[in-house]
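Novice: Return atomic coordinates for the entry below.
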Amino acid sequence: MKMEREVFAAPADRTFDVLRRRADFPILSESVNGHPLVYLDNAATTQKPRSVIDALSRYYAHDNANVHRGVHTLSQRATDAYEAARTNVARFINARATEEIVFTRGTTDAINLVAQSFGRPMLRPGDQIVISAMEHHSNIVPWQLLCGQTGAVLNVVPVDDAGEFDLDAYASTLGPRTKLVAVTHVSNALGTITPIARIIALARAAGVPVLVDGAQAIAHVAVDVQALDCDFYAFSGHKIFGPTGIGVLHAKAARLDAMPPYQGGGDMIRSVTFEKTEYNDLPYKFEAGTPNIAGAIGLGAALDYVRDVGIDVIEAHERDLLAWATERVSAIPGVRIIGTAKEKAGILSFTLEGVHAHDVGTILDHAGVAIRAGHHCAMPVMTRFGVAGTARASFALYNTREEVDALVAGIERVRRMFA
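Specialist: Numbers count the residues shown, from 1 in each chain. Below is the predicted model of the structure:
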């Protein structure tokens with residue numbers, strides 16, 4: 001189904017009441033170790049608003065049935081809700097048609113699908129896949145596996161000391177043997193917003209298809225896949241206030257048409273005999289077996305929630321939080337900020353001199369402050385900056401300056417303990 005262009009900005013009243021929005025998230029009223037929960041681990045997973053929790057409960061309580069193959073009422077209702085979620089996703093990212101939206105288990109699953117279904121039949125020994133030095137393991141390991149299977153080689157675009165993508169090095173990397181570019185939209189370890197439109201334009205000029213890892217971008221910046229003109233865009237539901245275990249691969253229909261199925265089983269077929277199988281239409285050719293129906297419905301509810309708030313309002317709020325946190329945390333003696341790109345999303349990674357990141361995270365947890373500590377599934381990034389790991393605070397629409405202050409107070413306490 002072709003999609004009408006729809007712009008998802010804030011409602012007419014553009015004021016943002018963070019306390020009112022916090023009330024939408026039940027878990028934010030929790031206490032941890034006797035302290036109010038300060039949840040600053042949103043790059044790992046976001047919390048869920050009541051509307052998403054209710055959508056999941058409503059499906060299981062009233063509509064639970066398998067989709068597409070049933071003629072009874074519950075199956076029809078479940079199918080309608082599942083396909084409505086697909087339409088919702090297509091509109092949210094401005095896909096050209098619903099047929100371009102494939103539901104997956106998450107970003108990792110989507111990238112592996114592209115690697116095996118698009119990349120493996122195409123690549124020959126000596127062909128090149130281009131990635132960047134700031135990628136998550138999910139956008140490294142599938143390509144390494146593919147190189148091992150095909151004889152292709154991986155070419156890594158460097159990042160500078162601020163954690164910014166080196167466009168000049170990238171441009172010089174593209175050549176006749178480059179068969180795919182796979183890059184992040186927003187770095188999960190550094191917070192860097194890559195110049196994704198320019199990256200895609202340079203690849204397009206060289207005739208090279210592009211996959212974008214949008215896991216860290218989807219809840220924080222506006223995504224328009226038609227404007228970007230990428231071939232593939234992948235993201236996870238749990239990064240945008242939706243359930244775990246559901247994700248999206250957007251791909252141009254012409255790409256999907258040319259790709260063989262990634263997995264075989266029920267629902268991805270039109271007909272089966274022992275001699276031959278005919279595959280289903282798009283996107284069902286890539287959705288073998290019973291899908292995560294509830295997850296898709298929950299994702300649809302999450303996108304409705306983000307649409308109601310307004311992605312531009314979310315971006316402005318998180319930009320304010322990041323500026324406040326950067327100013328306050330960088331003023332702490334012994335702190336080193338890892339990732340200082342000019343364009344960043346709400347991620348603040350840092351080290352504290354003489355203190356392991358896990359100790360920072362553990363002591364902060366004792367005060368009810370939840371951050372992430374370690375390599376963040378981005379070990380090459382840690383190697384690039386000469387650290388074993390970082391402490392990472394990451395922000396979402398429900399976080400406040402007061403929570404940033406609690407983070408700062410916690411880091412100061414860690415510093416005093418290890419002085």
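
Novice: What ranges in this protein fall below the confidence cut-off?
Specialist: In the predicted model of the chain, residues 1-14 satisfy pLDDT under 70.

Novice: Report back the residue of the chain that's furthest from centre.
Specialist: No residue in the chain sits farther from the centre than residue 275, which is 40.4 Å out by Cα atoms, centre = their mean.

Novice: show me the residues around residue 62 that make contact.
Specialist: By Cβ atoms under 8 Å, 6 or more residues apart in numbering, the contact list for residue 62 reads residue 77. In this view, the C-beta of every residue, glycine as well, is placed from N, C-alpha and C.

Novice: Ok, residue 74 next?
Specialist: Residue 74 sits next to 63, 64, 65 when contact means Cβ under 8 Å, 6+ apart.

Novice: three-state assignment of it?
Specialist: Following DSSP: H, G, I helix; E, B strand; the rest coil, the label given to residue 74 is helix.

Novice: same question, residue 130
Specialist: strand.

Novice: looking at it, it is touching residue 170, isn't it?
Specialist: Yes - using Cβ atoms under 8 Å, residue 130 makes contact with residue 170 at a distance of 7.2 Å.

Novice: Quick check: chain neighbours aside, which residue is closest to residue 363?
Specialist: Of all residues not flanking residue 363 in the chain, residue 414 sits nearest, at 4.8 Å (Cβ to Cβ, 6 or more residues apart in numbering).

Novice: Quick check: that neighbour vs residue 333, distance?
Specialist: 12 Å (Cβ to Cβ, to the nearest Å).

Novice: Comparing those two, which shows the higher neighbour count?
Specialist: For residue 414 versus residue 333, neighbours defined as other Cβ atoms under 10 Å are more numerous around residue 414 (22 against 9).

Novice: Next, give phi and psi for the more buried one.
Specialist: Main-chain dihedrals, residue 414, degrees, to the nearest 10: phi -60, psi -40.

Novice: Give the bridge partners for residue 132, please.
Specialist: On the basis of DSSP bridges, residue 132 is bridged to residue 157.

Novice: Please name the residues that touch it.
Specialist: 156, 157, 158, 159, 165, 170, 183, 184, 194.

Novice: how about the second one, what does it touch?
Specialist: Taking Cβ under 8 Å, 6+ apart as the criterion, residue 157 is in contact with 130, 131, 132, 133, 165, 166, 169, 170, 173, 183.

Novice: mind listing what's buried in stretch 289-296?
Specialist: Across stretch 289-296, burial judged by 16 or more other Cβ atoms under 10 Å covers 291, 292, 293, 294, 295, 296.

Novice: which outside residues touch it?
Specialist: 56, 59-60, 66-67, 78, 81-82, 85-86, 103, 105, 237, 242-246, 263, 265-267.

Novice: Would you work out how far apart the start and end of it are?
Specialist: 14 Å (Cα to Cα, to the nearest Å).

Novice: How far off centre is it?
Specialist: On the basis of Cα atoms, centre = their mean, to the nearest Å, stretch 289-296 sits 19 Å off its chain's mean C-alpha point.

Novice: Could you chop this structure up by domain?
Specialist: 18-42+310-414, 53-307 (automatic domain parsing).

Novice: Secondary structure of residue 291: a helix, I assume?
Specialist: No - applying three-state DSSP, one finds residue 291 to be coil, outside a helix.

Novice: distance of residue 390 from residue 347?
Specialist: 10 Å.

Novice: so what sits against both of those two?
Specialist: Contacts common to residue 390 and residue 347, judged by Cβ under 8 Å, 6+ apart, are residue 189.
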